[in-house]
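A.B. asks: quick one, what's the 3D model for this:
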Amino acid sequence: MRAGLKEASRLESLWSGKFGDAYTLRNQPNSRRSIFWKKILSEIKPKNILEVGCNQGGNLRWIARNMPVKNIYGVDINESALGVLKKALPSVNALWSEARELPFRDDYFEIVFTAGVLIHQPASSLRRVMGEVVRCSRRKVLCLEYFSKKNEEILYRGHRGALFKRDYGKLYLQWFPGLCLQKTGFLGKDQGWDDVTFWLFEKKRKV
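C.D. replies: Below is the predicted model of the structure:
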């Protein structure tokens, strides 16, 4: 197995097992996020949406207040988290999938987003995961992640190689020239987020 794939598989095993289960128990849905989602969805008015790395639905539960649940999709590799999400939103399209190989056709969703997922991708698989997000989006790509001007690894609950701060907005524009940055901003703990930066991109229309 190539070193890059081996590292991605190691982290996927970490998040799909007991470590990921503990994360789900620690991170309960925060109602203050509903303000952000109401605003951004009212601006875009998407027909459907996909979250890559949805866990138990800490975002999808508030999205469901602003659009039909049947048009909301989420993928994750932790079965326990998906079970919690399906119990909370029985009609949501909650699927098991690796982020680096999404089971959807090109341009299927009007919005595809990650929230605290790219930070857990090793350098070896990061571009592939981001490429899958872009591939599956027809209109918008939304990224909510920890920001740093330089690549910075953070020791995460005793694990090395499991959390990285980067300039994800810059990487999206560098690797995927078909994207245009529409807006960016900061979301703090008082807004229900863990001090993340968000970037909203528009896909250029194909000629």
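A.B. asks: need the contact list for residue 118.
C.D. replies: 126, 129, 130, 143, 145, 166, 168 (CB atoms under 8 Å, 6 or more residues apart in numbering). Every residue, glycine included, has its C-beta placed from N, CA and C.
A.B. asks: these two touch, right, the second one and residue 100?
C.D. replies: Read it as residue 129. Yes. The criterion here is CB atoms under 8 Å, and residue 129 meets it with residue 100 at 5.1 Å.
A.B. asks: among the contacts of residue 118, which are in helices?
C.D. replies: Residues of the contacts of residue 118 located in helices (DSSP state H): 126, 129, 130, 168.
A.B. asks: please name the nearest non-neighbouring residue to the second one.
C.D. replies: To tie it back to what came earlier, the one meant is residue 129. residue 99 (4.6 Å; CB to CB, 6 or more residues apart in numbering).
A.B. asks: contacting residues for that neighbour?
C.D. replies: Contacts of residue 99 by CB under 8 Å, 6+ apart are 52, 53, 75, 77, 114, 117, 121, 129, 132.
A.B. asks: so the fifth one makes contact with residue 50?
C.D. replies: No. The pair formed by residue 114 and residue 50 falls short of the contact definition of CB under 8 Å, at 9.8 Å.
A.B. asks: point out where the protein drops to low pLDDT.
C.D. replies: Within the chain, the stretches with pLDDT under 70 are 1-4, 206-207.
A.B. asks: at which residues are the strands of it located?
C.D. replies: Using DSSP state E, the strands of the chain run over 49-52, 72-76, 93-96, 109-115, 137-145, 152-153, 164-165, 179-187, 196-203.
A.B. asks: mean neighbour count and distance to residue 9 added to these, as a markdown table?
C.D. replies: Converted to a markdown table, the strands of the chain look like this (neighbours: other CB atoms under 10 Å; distance: least, CB to CB, whole Å):
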| stretch | mean neighbour count | distance to residue 9 |
| --- | --- | --- |
| strand 49-52 | 25 | 17 |
| strand 72-76 | 24 | 16 |
| strand 93-96 | 17 | 15 |
| strand 109-115 | 23 | 19 |
| strand 137-145 | 22 | 22 |
| strand 152-153 | 14 | 19 |
| strand 164-165 | 19 | 17 |
| strand 179-187 | 14 | 28 |
| strand 196-203 | 20 | 26 |
